[in-house]
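Novice: Okay, sequence plus prediction incoming.
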Amino acid sequence: MSVQLKNLKVIVSENLYLSDPESSRLGKKIIFYSVEMIDDIGFEKFTFKKLGLLIDSPEASIYRYFRNKNQLLTYLISWYWGWMEYRLVIETTNILSPEKRLEKSLNLITSNTNEILNLEGVSIKKLQRIIISESAKSYLTKDVDKANNEGAYLNFKQFVLRISDIILEVNPKYKYPQMLLTTIIEGAHLQVFFAEHLPRLTNKQKSSDYITTFYTNLAIQSIKSDK
């Protein structure tokens, strides 16, 4: 599925960049090739020097957009969750039943995607793989509180709270909506990673939606048990 995003602006905290990469051709090029390179070689081996060689631009030009590669990773992650919130709103707006909206939301956060983001051709699927394998590195750091104050996790928190509201529509007495959702999101990411690299740590099934089925059943049972 190809997604047209020319008229969509995902809001990312201004503290996550020095110059808005979406404001220039070079900035968009940096984003595109960063996603390509991180997906290809991993975040540990990724450097601005390598990126500069790939895009045929001085390393210093990249530093005009981002302080370091950690800020760039945080930008990509924040952009991804802003995009996911956009998708969530679009896909649930016309669904009246909160149970159906919850089911749709859980499917969204536990499924892989083949979509192509039309922002200089950046692949959402590749960005999703980066989120699965690298996103924890953006908050499991000594600087997490500083990053939080700068709005690094705002889009992720907004995404979680939006689905939390749906859970409370299903069961207003449920005490753990945010805990449940963050557990499902992180758990689903791990299961995708395990299925590809450490299969003995998961229960991979022939059906491609087994992760979604598992976490949907887990969520529904938890929410109903607390009535």
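Specialist: Cool, got the structure.

Novice: Now the element after the helix or strand K146 falls within, going C-ward?
Specialist: Element membership of K146, judged by DSSP states H and E, is helix 144-149. Going down the chain from helix 144-149, the next helix or strand is helix 154-170, by DSSP H and E.

Novice: Now A152. Its backbone dihedrals?
Specialist: Per-residue torsions, A152: phi -60, psi -30 (degrees, to the nearest 10).

Novice: and the longest helix along the chain with helix 154-170, angle?
Specialist: Longest helix in the chain, counting residues (DSSP state H): helix 69-92. Angle, helix 69-92 to helix 154-170, by axes from the mean of the first three to the mean of the last three Cα atoms, to 10 degrees: 30 degrees.

Novice: which secondary structure elements does helix 69-92 contact?
Specialist: helix 25-41, helix 98-110, helix 124-134, helix 154-170 (3 or more Cβ pairs under 8 Å, 6 or more residues apart in numbering; DSSP states H and E). Using the backbone N, CA and C atoms, a C-beta is placed for each residue, glycine as well.

Novice: change it to 6 Å
Specialist: helix 98-110, helix 154-170 (3 or more Cβ pairs under 6 Å, 6 or more residues apart in numbering; DSSP states H and E).

Novice: on that earlier part again, roughly how far out does the helix holding K146 sit from the chain middle?
Specialist: 18 Å (Cα atoms, centre = their mean, to the nearest Å).

Novice: State the mean pLDDT of that helix.
Specialist: The average pLDDT within helix 144-149 is 90.

Novice: Number of residues surrounding E186?
Specialist: Neighbourhood size, E186 [other Cβ atoms under 10 Å]: 13.

Novice: scratch that, A195 is what I was asking about
Specialist: Every residue meeting other Cβ under 10 Å relative to A195 is counted, giving 16.

Novice: Excluding residues flanking it in the chain, which one is nearest it?
Specialist: Spatial nearest neighbour of A195, chain neighbours left out: K204 (4.8 Å); criterion: Cβ to Cβ, 6 or more residues apart in numbering.

Novice: for the protein, which spans come out with low pLDDT?
Specialist: For the chain, the stretches flagged by pLDDT under 70 are 1-8, 113-120, 226-227.

Novice: Of the helices and strands packed on helix 69-92, give the one that comes closest to F48.
Specialist: F48 lies closest to helix 154-170 among the helices and strands packed on helix 69-92, at 23.8 Å (Cβ to Cβ).

Novice: now the angle between helix 98-110 and that closest one, please.
Specialist: Angle, helix 154-170 to helix 98-110, by the same axes, to 10 degrees: 150 degrees.
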